[in-house]
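In: quick one, fold the following:
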Amino acid sequence: MRGNDTNAMRENHSVRAVESPKGLESFKSVPTHGSDALVDLLGDLGYKYIAINPGSSFRGLHDSIVNYHANKDPKLLLCLHEEIAIALAHGYAKVGRTPAAAAIHDLVGLMHASMAVYDAFLDQVPMVILGGSGPRDRFRRRPIDWIHSADTQAELIRSYVKWDDEPTPASAFVYSLVKAHQIANSAPFGPTYISLDCALQEDEVDGSKQPVIELELHQPMPPIAANPDAVRAAALLLTSSSLPLVIGGRVGRSPEATALLVELVELLGAAYLDDRNTVAFPTDHPNNCNAASEVIADADVILSVDVVDLPSLLARNQRDGSREAARIIDLSIGDAGAKSWSNSSAIARPRKIHILADPIYGLSELNKAVREISDPQVALERSEVIHVRIAKGRARNQTAIEKHWNDSPISQIRLVGELWNAVRDSKWLLLLRNTRSWPEGIWKFGGAAQYFGDSGGGGVGYGPGAMVGGALAAMEQGKLGVGIVGDGDFLMASSALWTAVHYGIPMLMVINDNNSFYNDEPHQARVATRRGRPKENSWIGMRIDDPQIDLASLARSYGCWADGPIDDPDELAASLKAALEQALAGNVAVVHVHTAR
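Out: Okay, the predicted model is just below:
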């Protein structure tokens, strides 16, 4: 099934109606409880779904969604772990570029969810998280409430949310929500958290006296515009460069980015690189240097467009330090919103010029300035030099592909190549991929908003939940969510598949199973070598075998169509073709592949 057959997926692009409430015909539409008004506002703000793991601390909110709002706008998406609920909202917001919400149980649920919240914060993903708490009134507490609530509950994640609140009385719930939404969806994006007193959720209120929120007066902050002087200075620096380099970062989530980046690169005759774990530029563009990333060591001017950690990227590509450091133009919102609890915000960002702006707005302004002063002949001469480098890099890649195509165990090159061959004629979105072993050039990206990066915070267990959320957003766009998930990542959150099957969210997941938490095996080998000890023992405490886990059977137990484990590289194409047919028919398809470490 190819091309237009993607439409074999559910035509209305919405989740399966498996949880429709009954007996609501006689119920009033006027809010009678604080949680009712909150749910009304969630719908008005555009929240179509709310990912949850149930808890009695938000039973009032839960009832309002089901029995007051008929389980729609927002619709509950049941997840089997709090971390999965947050990851699902994370993936949905990132792929759909639309509001995402989650609800989690009080203190213990928040503890489970906390790592996923950290991922969303570092990945700058907008999300409103609702949690039950209290009651603050100690005379209304049940015995369990004493050990499941805290003063102040939000303190647990305050260091990695943009804003938090514990509103009182119940009439203040809506004020808190509109502010949480406004802050989460203003750059730099990130999660916000509202802790809702469980007793106040259940208190009756006079619906006629509930606050009326004029949403047009509480919109998120508009994009930040660029300073004209900084734009002009950057344009002059780039056009006078001998080897300018443009690096695209988190801007790769924005579909508008590609045309702007391509125009700028061609105006300058510049080299282009994608940052690690991003794609914002066409794979086959003649100035795409991803196959020859060593160009970064020779660039004399670097334009960094929303790159998360440019210093580390430069350090990985430095040579002997004998040449003058490149002059850096940083186009980003910089350190706005940075917090010091995590060392992630402590990275020093050297720059010659800082264009403090929304990346898309900033690129548009920079292109105008460069267009006025660029020299087409100089751009052509720069490009010709760059093309020689790129040809050599692509030749190296092709040699590696041919060398390892028939490897057994199956190589990462073969895994990615066969998956690309299977889905290339479908309307796909790549939600996850194997980062460190990704073979450049096989998968042909048209540009931004086709691949959506990793967790942001490096938390293992992000992948399955985020893929379900991303696949839901892809389905709403009439596309198929596709992804490659590691075996360790999958095992930490495999129950996310149940949510996908239960709500009819089609996707194609490939499990890249090297039977190991392999990332740490090279670390152990390096430590042992430095200490003069046997590196051959680096696998101990790392390998996931003896017994090997039948991941395909595990996927089937959640209701998925699944195949594998695939060990023979020549069987991979047929397996992936069958999986694609299943996914395009609306199913959750999983292929378990044993790969080389």
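
In: mind listing what's buried along stretch 190-209?
Out: 190-202, 205 (16 or more other Cβ atoms under 10 Å). From N, CA and C alone the C-beta is placed, and that goes for glycine too.

In: from start to finish, how long is that stretch in a straight line?
Out: This stretch, stretch 190-209, spans 32 Å end to end (Cα to Cα, to the nearest Å).

In: find the nearest non-adjacent residue to Asn71, please.
Out: Nearest residue to Asn71, sequence neighbours excluded (Cβ to Cβ, 6 or more residues apart in numbering): Pro21, at 5.4 Å.

In: could you count how many residues lie near His471?
Out: No, residue 471 isn't His; it's Ala. 29 (other Cβ atoms under 10 Å).

In: and what of Gln377?
Out: Counted with other Cβ under 10 Å, Gln377 comes out at 8.

In: do the one 5 residues further on as well
Out: The number of residues packed near Arg382 is 20, by other Cβ under 10 Å.

In: which residues are in contact with it?
Out: Taking Cβ atoms under 8 Å, 6 or more residues apart in numbering, we find Arg382 in contact with Ser242, Leu243, Pro244, Leu268, Gly269, Ala270.

In: select from the residues you listed the one having the most neighbours.
Out: Pro244 (28 neighbours).

In: beta-bridge partners for it, please?
Out: With DSSP bridges as the criterion, Pro244 is bridged to Val301.

In: rewinding a little: so the residue nearest to Asn71 makes contact with His69?
Out: No - in this structure Pro21 lies outside contact range of His69 using Cβ atoms under 8 Å: 9.2 Å.

In: more neighbours: those two, which one.
Out: His69 (21 against 14).

In: distance check, the more buried one against Tyr47.
Out: Counting by Cβ to Cβ, to the nearest Å, the gap from His69 to Tyr47 is 11 Å.

In: what do you get for Ala400?
Out: Distance from Ala400 to Tyr47, by Cβ to Cβ: 46 Å.

In: also Pro286?
Out: 43 Å.

In: what does Leu80 give?
Out: 21 Å.

In: compare the two and say which is more crowded by neighbours.
Out: Tyr47 (21 against 18).

In: what residues of the helix ranked longest in the chain count as buried?
Out: Secondary structure of the chain per DSSP state H: the longest helix is helix 376-404. Buried residues in helix 376-404, defined by neighbour count with 16+ other Cβ under 10 Å: Ala379, Arg382, Ser383, Ile386, Arg389, Ile390, Gly393, Arg394, Asn397, Ile401, His404.

In: okay, among those, which ones form the most distant pair?
Out: Ala379 and His404 (36.8 Å; Cβ to Cβ).

In: distance from the chain centre to stretch 152-161, please.
Out: 22 Å (Cα atoms, centre = their mean, to the nearest Å).

In: now do stretch 487-501
Out: Going by Cα atoms, centre = their mean, where stretch 487-501 is centred and where its chain is centred differ by 16 Å.

In: gap between the two ends of that stretch?
Out: First-to-last residue span, stretch 487-501, Cα to Cα: 20 Å.

In: contacting residues around that stretch?
Out: By Cβ under 8 Å, 6+ apart, stretch 487-501 touches 77-81, 83-84, 87-88, 460-465, 467-468, 471, 505, 507, 509, 511-517, 544, 549, 551, 554-555, 558-560, 588, 590.

In: assign Val246 to helix, strand or coil.
Out: Recorded secondary structure, Val246: strand (DSSP: H, G, I helix; E, B strand; the rest coil).

In: so what does Pro350 have for phi and psi?
Out: Here is the backbone geometry of Pro350 (degrees, to the nearest 10): phi -70, psi 140.

In: how close does the nearest residue to it once chain neighbours are set aside get to Ala270?
Out: What sits nearest to Pro350 in space, not counting adjacent residues and going by Cβ to Cβ, 6+ apart, is Ile328, at 6.1 Å. Distance of Ile328 to Ala270, computed by Cβ to Cβ: 14 Å.

In: and what of Ala102?
Out: Look at Ala102 and Ala270: by Cβ to Cβ, they are 41 Å apart.

In: and the strands in the stretch 51-200 of the chain?
Out: 75-78, 101-104, 127-133, 163-165, 191-197 (DSSP state E, counting those that start in this stretch).

In: mind listing what Lys444 touches?
Out: Neighbours of Lys444 in contact, by Cβ under 8 Å, 6+ apart: Thr283, Asp284, Trp420, Arg424.

In: try 7 Å
Out: Thr283, Asp284 (Cβ atoms under 7 Å, 6 or more residues apart in numbering).

In: state whether it is indeed within a strand.
Out: No - looking at Lys444 with three-state DSSP, it is coil, so not inside a strand.

In: for it, what are phi and psi?
Out: phi -100, psi 100.

In: now do it, the pLDDT please.
Out: pLDDT recorded at Lys444 is 97.

In: can you list the domains in the protein?
Out: In the assignment given by automatic domain parsing, the structural domains of the chain cover 31-217, 228-339+346-396, 405-594.

In: quick check: end-to-end length of the longest one?
Out: Going back to what we said before, that points to domain 405-594. 15 Å.

In: stretch 450-465 too?
Out: Using Cα to Cα, the end-to-end distance of stretch 450-465 comes out at 18 Å.

In: how about the contacts made by the most far-flung residue of the chain relative to its centre?
Out: Within the chain, the residue lying farthest from the chain centre (Cα atoms, centre = their mean) is Phe139, at 42.7 Å. Going by Cβ under 7 Å, 6+ apart, Phe139 touches no other residue.

In: and Ala257, by the same measure?
Out: Counting by Cβ under 7 Å, 6+ apart, Ala257 touches Gly248, Val251, Ala280, Ile360, Ala448.

In: over to Gly564?
Out: Ala552, Ser575, Val591, His592, Val593.
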